[in-house]
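# The following block contains a protein sequence and its predicted model.
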Amino acid sequence: MDFAAPVTLENEFVRLEPLIPEHAEDLAAATAGLEDRWYTSVPTADGVPAEIDRRRELQARGGMNPFAVRDLATGRAVGMTTFMNIDQPNHVVEIGSTWLSPAVHGTAVNPAAKHLLLGHAFDVCAAHCVQLRTHFHNRQSRSAIERLGAKLDGILRNVSVMPDGSLRDTVVYSILPHEWPAVRNGLDARLAKRR
């Protein structure tokens, strides 16, 4: 299956829905408290509709598959995530451009979403490699990626210019197919504690 093919993924904690303009109201509310996150790309509340359009345009070109993350405990969309930098011929994809409302940080939402995305990538799309990337200074994201069991591939230095003009060092992690069962077991154990 193509990484860019629209799909809805669901478990007992979250539903990942193809991103559409109707998600804008919930997602605008979900941005509250993220204004000071200079090291990641979170739209402003007013910028959510444009960000939805941008991601959908990238999807139309085959480079991204964007999702709204719906917290099933509240029924509200609480963030965005994507399959991005899709390299279908080589079966390589990145999980990224993820942001979540501070209200769900430390809950089951992020590990449950990663479980769905990784399961789809490896078990349905036959991924050879799933990458996760983050800003060098985003310690929260780096810790979450490392808790998954992803392996550090390296640091790409000065690879992009941030909106404030600063240069970004990007930390690259990956998970390979033979590592997915252990990563899945770790996520299953974490989510079992949330039941």
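Yep, it's here. The structure presented is a predicted model; accordingly, all values stated were derived computationally and were not measured.

# Can you tell me how far the residue lying closest to Pro18 once chain neighbours are set aside is from Met64?
Setting aside the residues directly before and after it, Pro18 is nearest to Pro6 in space (C-beta to C-beta, 6 or more residues apart in numbering), at 4.5 Å. Just so you know, the C-beta spots here come from the backbone N, C-alpha and C atoms, and that holds for glycine as well. Per C-beta to C-beta, to the nearest Å, Pro6 is found 11 Å from Met64.

# Between the two, tell me which one has more neighbours.
Neighbour tally, Pro6 and Met64, criterion other C-beta atoms under 10 Å: the higher count belongs to Met64, 24 against 13.

# Next, the buried residues of stretch 126-146.
127, 129-135, 138, 141-142, 144-145 (16 or more other C-beta atoms under 10 Å).

# Measure how far it is from the centre of its chain, please.
Remark: stretch 126-146 is offset 9 Å from the chain centroid, using C-alpha atoms, centre = their mean, to the nearest Å.

# which residues touch that stretch?
1, 3, 39-40, 85, 90-96, 105, 110, 118, 121-122, 148, 150, 152-153, 155, 168-177 (C-beta atoms under 8 Å, 6 or more residues apart in numbering).
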